[in-house]
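>>> Mind folding the following:
(2 chains, ligands or ions: 1)
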Amino acid sequence: MKFSYNWLREMVDGLDTSASELERLMTIKTAECEGVEEVGAALADASEAIVVAMETMGASHNRKATVETPRYGQKTVVCGAPNCRVGMRTVYLPVGKKIIEGIESDGMLASAAELGIGRDHSGIVELHEPFKLIADHVIEVDNKSLTHRPDLWGHYGMAREVAAITGNKLVDPVRAELPSSDAPIKVTVEDFALCPRYSALVFENVTIQPSPLWLQYRLEAIGLNPISNIVDVTNFVMAELAQPMHAFDADKLHGGEIIVRTARNGEKFAALNGESYELDSSNLVIADKAGAVALAGVIGGAVSAISDSTTRIVLESACFNASSVRKTSSKIKLRTDASMRFEKSQDPANTIRGLKRALQLLQEVSPGIRVAGGVVDAYRPQPAPAPIALNLDWLDRKIGKAVPAVEVRKILESLEFRVEETGPREFRVHVPSWRATKDVTIKDDLAEEVGRMIGYGTITPTAPLAPARVPPANEERAFHHRVRETAASQGFSEIYNYSFISEDRARAFGFDPAELVQVANPIAADQNLLRPTLLAGVWKSIVDNTRNFDSFRLFEIGREIHKDREIPHFTAAIFAKDDGMAGLLELKRLADCLLRGIRVEPAAAQSYEHPQRAGDVYFGDTRIGRLFEFHPRMVESGRAAVLDLDLPLLQKSQPPVARYQALRRFPTSAFDITVVGEARATIGAVQSAIPRSSGILSIDFLREFELPDGRRSLSFRITAGASDRTLSSEEVGAIRASAIEALTRSGYESRS
Amino acid sequence: MQEIIEKLHQDALAQLAEAATLEAVEAVRVDALGRKGKLAEISKQFGRLAPEERARLGKLLNTAKQELESNIDSRIAALESAALDKRLESEWIDLTTPAPGIRPGSLHPVTQVQKELEELFRSMGFAVLDGPEVESEYYNFDALNIPGDHPARDMQDTFWLKDGRLLRTHTSPVQVRGLETLKPPLKMIAPGRVFRNEEVDASHEHTFYQLEGMMVDRDVSVAHLIYFMKTFLSAIFKRDVTVRLRPGFFPFVEPGFELDIQCLICGGKGCPVCKQSGWVELCPCGLVHPAVLRYGGADPEEWSGFAFGLGLTRLAMMRYGIDDIRLFTGGDLRFLKQF
Ligand SMILES: [Zn+2]
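Next comes the predicted model:
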C-alpha cells in the first residue's frame, strides 16, 4: 500500500514531520515501511502558461509557440504536441535553451507524464483549474504488515496513526450529508452474513470526462491508474477511507432492484477486465433482474460498466464478508484493490462515510451532477463490540514497564478508543468500529496499542526471575549429531537434499507412487512426491559431483517420509574410479565405527543395486540398514558404494553399557587353520560355522587364495584360552580338532 | 715381572685406541683379558713368588685389568654411538611430504549454525524439541490462531498434501506441541526444516531451516523478551548486539514484533547491507497469544510467554557470506567442503 505524504498532511493538521522521518516513525510504531520515493519533482519549477501565438515550421510536425507565463515571462518554445493551440492553458517547464530544427526553444510545454503527475504523454497538459500541484513523497508500506488492520488500507486510517504518533490533530475529510428522501432503487440482501451492509446512491446528469489534474495526480502517485472522473472518485474514496466502491451505469441495470445473492451454479459472469467467469454458489454476486452485474467485493461487470455515454449512475458502497471475498478471489485467481481490502474485514459503518465523501467529490468533478432521491441502506444492525476490561497492573506486567494511567488513556484516546475508568487501575475500553471487526478483541491487543505508542525502545530489558532447571535431554538429536561427527571425521561431507521426488524416481527406487505421500500443489510436476528414501537424492548428488571430482565421500541425515511416519535415515556414499571393493569395505568400517558389532549379510539386489554387491546390515537379529554398490548403469563413470541406516534402529541397537571383565591372567594360544570352500564361500559363513564354545576367544580372518579350480581357500587365526589356567597342548589340539570337524561337517575342506 | 705387566697393559691400551670396530675391541679384550689372555698367563706365574711380592703384583695386575675393562667399555660405547649416529644420519625424512589417508569431511553450514544454537540455548535452560515435517492443518494453522479463512494464511504459501495434511510452513507448530508435552513453565527451542511453495531463486527457497523458541512462565513480559533476544543474539554474533522491536503482525503472538538488529557492518550509520537504514530485520517474535496458550492446554490468566522464530538458513548466509540460498540444498561438494 502506497501512502501520499501530501494526502496524509491534509488530514493531520500542522504536520511538519518530514516524509523520511515519518517513514521511520510509522515503521517503529505502526507498520513496516519499505521506502520513500519523491514524485512530481518537476512541479517545483513548473509554471502555468497560456499559449499566445503559434507558427508552423515548414513541413515539420513541430510548431513554434509563444507562451506567457506568470513566473518566467514570455517564452518561445518548439512544441510537437498535437493538442497545442492558441489560447490553451497549459504548463511550462524551464528546461534550458536548445536549437530544434533551426529554431531556439527556451524550455518546454509538458505532458502529464513529463510532469510526473500522470501517464498521458500523447499531448501537453490542458489546465481547467488554477495550477497548484506540488511535489509529493510516497511512502510504501509492506502489505503483509497491514494484514490485521482494515483501517490502514486507506489514508485516513494512517493519518489517524500519524496524528497519534506526532500529537497533531486529525482532520476528517468527510463533511457532506446525505439526502434522506426515498431511494429510487430497491436493494435486497439475501444473507447479511455475507453482506453485512449495502448502501448506494443514485446520481443523474452525470458527465463523463477526465478528472482534474489534482485528482489524477493523487491516484497516479499511489500507483492507481486514472480512468475517468466517476471511476477515479471511487478509487480516491477507496484509497482515502479504505471503502471500496463501485459505480454502475444505472441505465444498463435491469429493473429497479439490486439483489445481493449467491451465484447459481454455472452462472456466467462477464467482468470489467474482459474475462468471463463461471460461478458457483460459493460466490456472492450483485445482480439485477437479468443476472449478475458484479462479483461482490472483487470486480464489476462489463455490461453495466461506466462508459462515455453514461448519464446516470448507481454508486455502490458496501461491506462484504471477508472470508467469502477471499474464497472467491482465490478461486478465480483475481486479486483486486477491492478484494484485498474486504479480505481484511472492513467496517460496515464505513459505507455511509464513503458515500458522503464521494458526493462531495462528484460535485466537484462532474459539474451539474444531481443526487436522485435518498440513500438506500440495507443492513442488519450490528451489536456494539464488547468493551474490554483493562487492568493497568496487568498491563504493566505484560509490557514490563510502569506506564502511568494518564498516558495509557491518552494513547488509547488518540487512536479513538473510548476509555472509562471503572475502578482504581481499572479501565473499560470501547473499541472503535474500524478496529473491532477482527483486530482488537482482547486486552492483549490493547497492550500492543500502548506498547507501540510508548515505543518498545523505552522498555528496559529485564532478566526473568525464573528458577534454573536442567532442560530435558533430546537423546535422538544428540545421537544424530554424534553420527554426523563420526561421518565427518571419517572424511564424509554432509549434504542436504530436497524432500521432494518425482514419480519416475520413486519407481526407479522400487516404490509405487500410489503408496507415497503426494503433494497436491507441487512446485513442479516432477516434484510431487515426498521422499520415502534418501537414496534418490544421494544418487543425484553422487552423479552431479562426479563432474567435479574423481573420488569423494558424502552423507545426508534426513527424514524418509512415509504415509504413517517419518524415519530419520543416515545415508553415506563413497565414489571412486576403482574396482569398488574399498568403498564398500570403508562404509562397512564406518558402520562399525557407529555401532560396534554390526555385520553384513549378502542379500538379493534391488534393480538399482549391483547384482553381486548388496547386503543387509544387521545388529543382532535386527536389520538396521543396507550396504550396496549402485548398479553401474546408474553411475557410469565409476563405482559408488552406499550405506543406508535407519537411525532410530541404529540408536536403539547401541550395545549396553560395558561391564568390566577381569584382565586375563593366563596366556592364550593361537593356531591357524585354512579351509577350502566353493568359489563364493563367504568368510562370514566360515566364521559362523565354528561353534563359539570350548575356549575359542576369537576367529580372525587372515587371507584368501583362489585355487586353480576356482574354489576359495580361506585362512583364519583362532585364539583360545581359559580364565583359570593355561590350556594344555592337548586341550588346544582338541579345540582345533573340533573346529575342523565342525567346518568339515559344514562342507568345507580343511587344509593344514 | 712388573715391567711385563705394565708393558702388556700399555700395549693393550694402544691396541684399543686403534680398534675401529667392535670386533677389533673384542679381539683386544680376548687377547688381554680372556681366560687364556696375556694377563691371565702372567698370573699363572705368580705361584713362584714370595707372598708379599705376589700380593703387590696381584694388586697391580687387578688395577691394570680394571682400567683396561673400563677403557674397553667406553670404547664400545663410543663405537656404538658413532654407529647409531651414522644409521640415523641415513634416516632423513622429508616432513613436508603430504600425509596420506582420508581427511575429515565437513558438516553442512546450517548444521553447524544449528548445533551451535542448540548448545547455546541448552546452556540457558531451553529444551530442544522436534516436530514432524508433515504436519496437520491444526498444528500448523488453527492452533496458532490462524483459522481457515484468515488472510494470514496467504502470507505463507503452503504445500498441501493430497491426504489433507501439509508440509509445515514454519517451526511454530512445535509451540503447541511443546506446551502439550512439556507443560508450563517451560523453555524450548525447535530447529528444523520448513517448506514454502515459492519459486526458487538466489534469495528464495521452498525448503529452508528455522529455529522456533518459546518461554512460558508466570508474568513473562516484553521486557523479558527483549532481554533474551539481546542476550542470545549477542552470543550468536559474538559481540554486543543492539536490538529494536517494532510492530509486526503474526496471529500467534500478541503483541507481535519484528526484531531488527543494528547493522553489524556499518554499526548503524547506514550502508548497502542495511539499505542505509542502519537496521537489519532479523526475526519475528512476540508474546504468545492467549489463544495459542489455550490450544496448548495452558490457562492464559495463569501463564504467559514469549516466542520467536529465527531463520537458520538466513543466519548461515550471514555468518559465511553466502549470497545464493540454492547452494544449501544443491549437494555440490565444491561448496560444502568449504565448511
Ligand atoms: Zn549497514
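
>>> Beyond the helix or strand where A:Ala641 lies, next helix or strand please.
In this assignment (DSSP states H and E), A:Ala641 forms part of strand A:639-646. As assigned by DSSP H and E, the chain's next helix or strand after strand A:639-646 is helix A:647-652.

>>> before we move on, the earlier item: quick one: the strand holding A:Ala641 near chain B?
No - using CB under 8 Å from any CB of the partner chain, we find that strand A:639-646 stays clear of chain B, coming within 13.6 Å at best. (Each C-beta comes from the backbone N, C-alpha and C, glycine too.)

>>> then that strand to PDB, C-alphas only?
In PDB, the C-alpha atoms belonging to strand A:639-646 read as follows (Å, rounded to 0.1, in the frame of the first residue of the first chain):
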ATOM      1  CA  ARG A 639      31.900 -47.100  -8.500                       C
ATOM      2  CA  ALA A 640      29.500 -45.700  -5.900                       C
ATOM      3  CA  ALA A 641      29.100 -47.600  -2.700                       C
ATOM      4  CA  VAL A 642      26.300 -46.700  -0.300                       C
ATOM      5  CA  LEU A 643      25.400 -47.300   3.300                       C
ATOM      6  CA  ASP A 644      21.900 -46.600   4.300                       C
ATOM      7  CA  LEU A 645      21.000 -46.900   8.000                       C
ATOM      8  CA  ASP A 646      17.700 -46.400   9.900                       C
END
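
>>> Who are the packing partners of the helix or strand bottoming out on mean pLDDT in chain B?
The weakest-scoring helix or strand in chain B, judged by mean pLDDT, DSSP states H and E, is helix B:38-44 (a mean of 81). Helix B:38-44 sits against helix B:2-18, helix B:22-33, helix B:51-89, with contacts defined as 3 or more CB pairs under 8 Å, 6 or more residues apart in numbering or on different chains; DSSP states H and E.

>>> Tell me which residues of the second one come out buried.
By neighbour count, and taking 16 or more other CB atoms under 10 Å in any protein chain shown as the criterion, the buried residues in helix B:22-33 are B:Val25, B:Val28, B:Arg29, B:Asp31, B:Ala32, B:Leu33.

>>> Reformat those residues as TSV; add distance to A:Gly455 and pLDDT.
Supplementary listing: those in TSV, determined by distance: CB to CB, whole Å; pLDDT from 0 to 100:
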residue	distance to A:Gly455	pLDDT
B:Val25	97	90
B:Val28	102	87
B:Arg29	101	88
B:Asp31	107	87
B:Ala32	106	84
B:Leu33	104	84
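
>>> Report the spatially nearest residue to the residue of the stretch 351-500 of chain A found nearest chain B, omitting neighbours in sequence.
Taking CB to the nearest CB as the measure, the point where the stretch 351-500 of chain A comes nearest chain B is A:Gly400, at 2.5 Å. Spatial nearest neighbour of A:Gly400, chain neighbours left out: B:Ala223 (2.5 Å); criterion: CB to CB, 6 or more residues apart in numbering or on different chains.

>>> That neighbour: which element?
helix B:222-237.

>>> ok, back up a step: just checking the distance from the least confident helix or strand of chain B to the centre of its chain.
Centroid displacement of helix B:38-44 relative to its chain, using CA atoms, centre = their mean, to the nearest Å, is 74 Å.

>>> domain assignment for the chain?
You didn't say which chain, so I picked chain A. A:2-40+A:135-170, A:42-115, A:186-379, A:388-456, A:475-652, A:669-751 (automatic domain parsing).

>>> nope, chain B
With domains defined by automatic domain parsing, chain B comprises B:2-91, B:109-336.

>>> most packed of those domains?
domain B:109-336 (a mean of 20; mean count of other CB atoms under 10 Å in any protein chain shown).

>>> was I right about B:Cys266 contacting B:Val273?
Yes - counting by CB atoms under 8 Å, B:Val273 is a contact partner of B:Cys266 at 7.2 Å.

>>> Share the number of residues neighbouring A:Thr188, please.
Neighbours of A:Thr188 under the rule other CB atoms under 10 Å in any protein chain shown: 12.

>>> Per-residue pLDDT of whatever residue of the stretch 351-500 of chain A ends up closest to the ion, please?
With distances taken as CB to the ion, the stretch 351-500 of chain A approaches the ion most closely at A:Gly457, which sits 18.6 Å away. Note on A:Gly457: pLDDT of 94.
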